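> Show me the folded form of this:
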Amino acid sequence: MTILAIASFEKGHEFLRECKRQGARTLLLTSASLKDTAEWPTEAIDEIYYMPDVDKRWDRTATLHAVAYLARTEAIDRLVPLDDFDLEMAAFLREHLRIPGMGETTTRYFRDKLAMRMRAREEGLRVPEFVGLINHGRIHQFTRAVPPPWVLKPRFLAGAIGIRKIHDPDQLWQALETLGDQQSYYVLEAYVPGAVVHVDSIVSERRLVFASASAYGAPPLDVSHGGGVFTSKLLRRGTEFEAALLEENRKLMTAMGLVRGVSHSEFIVQAETGDVHFLETSARVGGANIADLIAAGRGINLWAEWARIELLGSKGGYAPPAAREEYAGLLVALSRQEHPDTSGFNDPEVVWRMAKRHHIGLIVQSPDPGRVEDLLASYTHRVELDFLATAPPRENAVD
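Down below sits the predicted model:
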């Protein structure tokens, strides 16, 4: 089995290692701009190929020609994108080279914020009111019917990148004037105040075989735009709320048609009513070290399990490892110090520390969810006082 992983950003080390552990021939296609900086697990990679890029973006035709040329001598059995920004490219290449996996139509439901909202609403999930920024008459209808504030979102960027809050119609139309021909690449959505939660899933042959529910501290949009400490923690299991959230996620996975792989999906719990609304989904491992959070609390590494599923393909037969019944909390923030000293966070529950310039990150683990919550609150306060730096919100995919 030969697998070609596509990664415009450096991530997915454990995916590559698991491919090699499973005996696959493992190839990596990545951005040329990472050649001298990325620390890929070379012991797990048979060959690395570099694509010329501009801000991690690759020319579509040039990439097709490069992979087709590679396919003359490498019989590629699977082609897997390791980042959100690689999903469309991977689907395009699969379609052309007839490699099994998700095609361009299904990929839209996991990349296009307008397509996924329309699909979720059609399948009966609650979705905040929204409108595609295509027809101006419908935009006027939306702004008259839905009170501000609204959220202006790029349809094809990931996470909170490029998202803006809009407070009145004048601000909206000024924004659309500035966007010009780019405005159809955006969606406008009602701002729903509430807590943001996420469910991280494993799907094998359309069966949801594992799902773990977590809650962010502050919503990622607020952290991205206002600065602060990003946190997430595994939800207490066995509650009615967890059961309701997992059921919404099950309906979502069925609606989107994911055949096999992993997914990170976000929902908002409306503050006034407690209703769960769908926000967005993806066909990838969650960013911001969420995979490490789940590995700490549940003992399942989503990157490794994704590799196992891809290599099994349509043969099926995949079963996830038994999940551990622990709890974990994650904290990540920008740091004023280039190499922050985290030795003062010395509780025995600390199981992971981030090693990245101008970043501070910790994961705590305990069988007691209350202990995780207390540590996360205490550590967040200490990071805000002694380490926290801020930066302008990202407007594009450059890492």
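
> which stretches of the stretch 101-250 of the chain form strands?
For the stretch 101-250 of the chain, the strands defined by DSSP state E, counting those that start in this stretch cover 130-132, 150-154, 164-166, 186-190, 194-204, 207-216, 230-234.

> Dump those into a markdown table; add mean pLDDT, distance to Lys251 and mean neighbour count as well.
Quick note: C-beta positions are derived from backbone N, CA and C, even for glycine. Converted to a markdown table, the strands of the stretch 101-250 of the chain look like this (pLDDT from 0 to 100; distance: least, Cβ to Cβ, whole Å; neighbours: other Cβ atoms under 10 Å):
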| stretch | mean pLDDT | distance to Lys251 | mean neighbour count |
| --- | --- | --- | --- |
| strand 130-132 | 98 | 18 | 20 |
| strand 150-154 | 96 | 22 | 21 |
| strand 164-166 | 94 | 28 | 17 |
| strand 186-190 | 97 | 20 | 22 |
| strand 194-204 | 97 | 11 | 22 |
| strand 207-216 | 97 | 10 | 19 |
| strand 230-234 | 97 | 21 | 23 |
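
> how about a markdown table for these, with distance to Arg108 added?
A markdown table is the format used below for those (distance: least, Cβ to Cβ, whole Å):
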| stretch | distance to Arg108 |
| --- | --- |
| strand 130-132 | 13 |
| strand 150-154 | 15 |
| strand 164-166 | 23 |
| strand 186-190 | 13 |
| strand 194-204 | 17 |
| strand 207-216 | 21 |
| strand 230-234 | 27 |
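
> out of these, nearest to His13?
His13 sits nearest to strand 194-204 of all the strands of the stretch 101-250 of the chain, at 17.8 Å, using Cβ to Cβ.

> State the helix or strand in which Arg308 lies.
helix 302-312 (DSSP states H and E).

> got the angle between that helix and strand 194-204?
Computed by axes from the mean of the first three to the mean of the last three Cα atoms, to 10 degrees, the angle separating helix 302-312 from strand 194-204 equals 30 degrees.

> ok, for Leu70, nearest residue in space, not its chain neighbours?
What sits nearest to Leu70 in space, not counting adjacent residues and going by Cβ to Cβ, 6 or more residues apart in numbering, is Tyr49, at 6.8 Å.

> Out of the strands of the stretch 101-250 of the chain, the one nearest Arg138 is which?
In terms of Cβ to Cβ, the element of the strands of the stretch 101-250 of the chain nearest to Arg138 is strand 130-132, at 5.6 Å.
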